[in-house]
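Trainee: coordinates only, sequence not included:
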């Protein structure tokens, strides 16, 4: 039921603020409304019940196991939210002078320092307001670096075919041509193909390590040498940083630029796709090009560095400090964990993934890269199951909802047919993981015994299987009076 | 799987049909639409655009993925199929009838280099892993 359908003429919430007619004298007549906007008219209680009811129909990490993992959003510890909501943070005007917000700036400065330390980069900017914007900033810095050296012939960015779609998109947004590099049978970058693809036109290689296939790139040092040897730069997509947090630093692997999705690794909220934060880190050679503002030290305190400090900056990506509230939550998360806690994140997220992988294999599921250890995630392929029973990855994903588990990522990575990308993260107990394995086992048996049961799932949710194709083809988001 | 013998094919899963007027119609194969799943959006090239063999010239979006369509031969785009733009599900229903766009080849010799039905069927089968 839509809230519009609850609407009754004249029904209102209690008015809390004094209402007086606005002055519309200076607004041109043609721009004035002839009648009030068609907003729902409901009481406060109607609105509360409506939205509480919707939230109760939801599957979320607060209510169910959620093996989308850090790819989408990890569990958000309540303390991060509580501290970031302190009125001293919340009520500060972003335009207030630096000397009235030293505490705020100190937190963000320390966040920069912690991110430098955990990534092994020389300098960090917190300015990008989402992962995609971080990628854009990262590639823009690669471009600025080559341009500053008069090296304008480099017009290609190399991207493995296993990469997230955002990588080629970011490269194109920065004016580059994209060249795809194939993956070998073990899930590594095909080094021979990379060797013949690099050259004087190579601006850089964008790489996710561990890769989207859930394996650590074994040839990373050699890959770095090939790209650097051709004069290109190495870009680290931080999507899978969770697996190596505190254990391996992208800077030590030879990367020149990195973006980090704070919602993936540092547990910031990510409801409905935002608000995000995508800090970027760089080596010393690229530091002059970082987006502004960067938090700098000023005597015993802190200040925002601007264009006078960094004339070569690629510029600004938004107003003020980026998504400062999101940055604060990541700061609290990192401070609560400390360096030792961050290593435990990597240890337990990979341990949980490897345990799940071993148990699912034992239960009869086919692992996409059976010869490789899982990182913090792994890929199951249901191709054989589909060929035998007609049950697809989507069917299994939907049936999991009936068993009280959120579905893992389905049909990504695209290189693997009928794939499920499973990521439990570090916060799940053995009992939860065992319950997931039991659910998957039941589904496997159901698929063999009664495929239609699985193909018709979900059966226990408030709504059954949605027609995704029709929803996309006949998109209609506008309510109109009936 | 069906692979009509009167068509030519590319390694990137387009089919090509030579028409009587010297133009070619281009679509995607049964295997391609099966891999993509329900198609929800097609962005075809504009008439008049000159494309080179292998150049990205259209985009297909399904509920699972977005995929680039490559020009199977060089030439000028004569027309995009308005019927598939309006109802992309036609590509799922009958992939060999639902052409996406027509080209007037500028290098007709390129057509000879495309795969025949037998070679394409073999390729598609090997990709099914």
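Mentor: Structure's in. What do you need? Computed from a prediction, not measured in an experiment: that's the story for all the values here.
Trainee: does stretch B:71-83 reach chain A?
Mentor: No - using CB under 8 Å from any CB of the partner chain, stretch B:71-83 stays clear of chain A, coming no nearer than 13.9 Å. Bear in mind the C-beta positions are built from the backbone N, C-alpha and C, glycine included.
Trainee: check the separation of the first and last residues in that stretch.
Mentor: Criterion CA to CA, to the nearest Å; first-to-last residue distance in stretch B:71-83 is 20 Å.
Trainee: can you get me a residue count around residue 38?
Mentor: Just going to use chain A. 11 (other CB atoms under 10 Å in any protein chain shown).
Trainee: wrong one, I was asking about chain B
Mentor: By other CB under 10 Å, the residues close to residue B:38 number 18.
Trainee: is it in contact with residue A:469, as I believe?
Mentor: Yes - with contact defined as CB atoms under 8 Å, residue B:38 counts as touching residue A:469 (3.5 Å).
Trainee: strands along chain A, start to end?
Mentor: Here chain A has its strands, by DSSP state E, at A:123-125, A:156-160, A:177-181, A:202-208, A:233-237, A:257-259, A:280-282, A:294-298, A:301-305, A:366-367, A:378-381, A:409-410, A:419-422.
Trainee: okay, residue B:116 and residue A:302: tell me how far apart.
Mentor: Remark: distance between residue B:116 and residue A:302 (CB to CB, to the nearest Å) = 69 Å.
Trainee: to clarify, my last question referred to residue B:38.
Mentor: Separation of residue B:38 from residue A:302 (CB to CB): 53 Å.
Trainee: from what I see, residue A:399 and residue A:458 are in contact.
Mentor: Yes - at 6.8 Å, residue A:399 counts as touching residue A:458 under the criterion of CB under 8 Å.
Trainee: more neighbours, these two?
Mentor: Between residue A:399 and residue A:458, residue A:399 has the larger neighbour count (other CB under 10 Å), namely 26 against 18.
Trainee: what's in contact with stretch A:469-477?
Mentor: Where contact means CB atoms under 8 Å, 6 or more residues apart in numbering or on different chains, the residues beyond stretch A:469-477 that reach it are B:38-41, B:61, B:63, B:87-89.
Trainee: hmm, which of those residues is lowest in pLDDT?
Mentor: Lowest in pLDDT among the contacts of stretch A:469-477 is residue B:63, which has 86.
Trainee: residue contacts, it?
Mentor: Each residue near residue B:63 by CB under 8 Å, 6+ apart is listed here: A:468-469, A:472, B:37-38, B:40.
Trainee: without its sequence neighbours, what residue ends up closest to it?
Mentor: Spatial nearest neighbour of residue B:63, chain neighbours left out: residue A:468 (4.4 Å); criterion: CB to CB, 6 or more residues apart in numbering or on different chains.
Trainee: burial of the residue of the stretch 301-450 of chain A found nearest chain B, as a residue count?
Mentor: Scanning the stretch 301-450 of chain A for proximity to chain B using CB to the nearest CB identifies residue A:411 as nearest, at 4.5 Å. Using other CB under 10 Å, residue A:411 is surrounded by 20 other residues.
Trainee: and it, how far from residue A:72?
Mentor: Distance, residue A:411 to residue A:72, by CB to CB: 15 Å.
Trainee: what does residue B:103 give?
Mentor: As defined by CB to CB, residue B:103 lies at a distance of 41 Å from residue A:72.
Trainee: more neighbours: which of these two?
Mentor: Neighbours were counted for residue B:103 and for residue A:72 using other CB under 10 Å; residue B:103 has more, 24 against 16.
Trainee: and stretch A:415-422, how far apart are its ends?
Mentor: 15 Å.
Trainee: and the contacts of that stretch?
Mentor: A:67, A:69, A:71, A:161-162, A:183, A:212-214, A:353, A:356-357, A:360, A:368, A:377-383, A:385-386, A:392-393, A:396-397, A:407-413, B:35, B:128-129.
Trainee: what's near enough to touch the nearest residue to residue A:151 once chain neighbours are set aside?
Mentor: In this structure, residue A:151 finds its nearest non-sequential neighbour in residue A:231, 7.1 Å apart by CB to CB, 6+ apart. Contacts for residue A:231 (CB under 8 Å, 6+ apart) come out as A:151, A:154, A:200, A:202.
Trainee: now do the end-to-end distance for stretch A:210-225.
Mentor: Distance between the two ends of stretch A:210-225: 18 Å, counting by CA to CA.
Trainee: give me the mean pLDDT for that stretch.
Mentor: pLDDT averaged over stretch A:210-225 gives 94.
Trainee: quick check: residues of chain A near chain B?
Mentor: Neighbours of chain B within chain A, by CB under 8 Å from any CB: A:165, A:383, A:411, A:414, A:417, A:468-469, A:472-473.
Trainee: restricted to buried residues, select those in ChimeraX.
Mentor: With 16 or more other CB atoms under 10 Å in any protein chain shown as the criterion, this ChimeraX line picks the buried residues out of these:
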select /A:383,411,414,417,469,472,473
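Trainee: chain B versus the residue nearest to residue A:290 when sequence neighbours are not counted, what's the distance?
Mentor: Nearest-residue entry for residue A:290: residue A:125, 4.2 Å, with adjacent residues in sequence omitted and distances by CB to CB, 6+ apart. Plainly put, residue A:125 is 30 Å away from chain B if you go by CB to the nearest CB, to the nearest Å.
Trainee: now residue A:279
Mentor: From residue A:279 to chain B the distance is 28 Å (CB to the nearest CB).
Trainee: ok, now which ones touch that residue?
Mentor: With contact set as CB under 8 Å, 6+ apart, residue A:279 has these partners: A:111-112, A:115, A:124-128, A:134, A:259-260, A:262, A:327.
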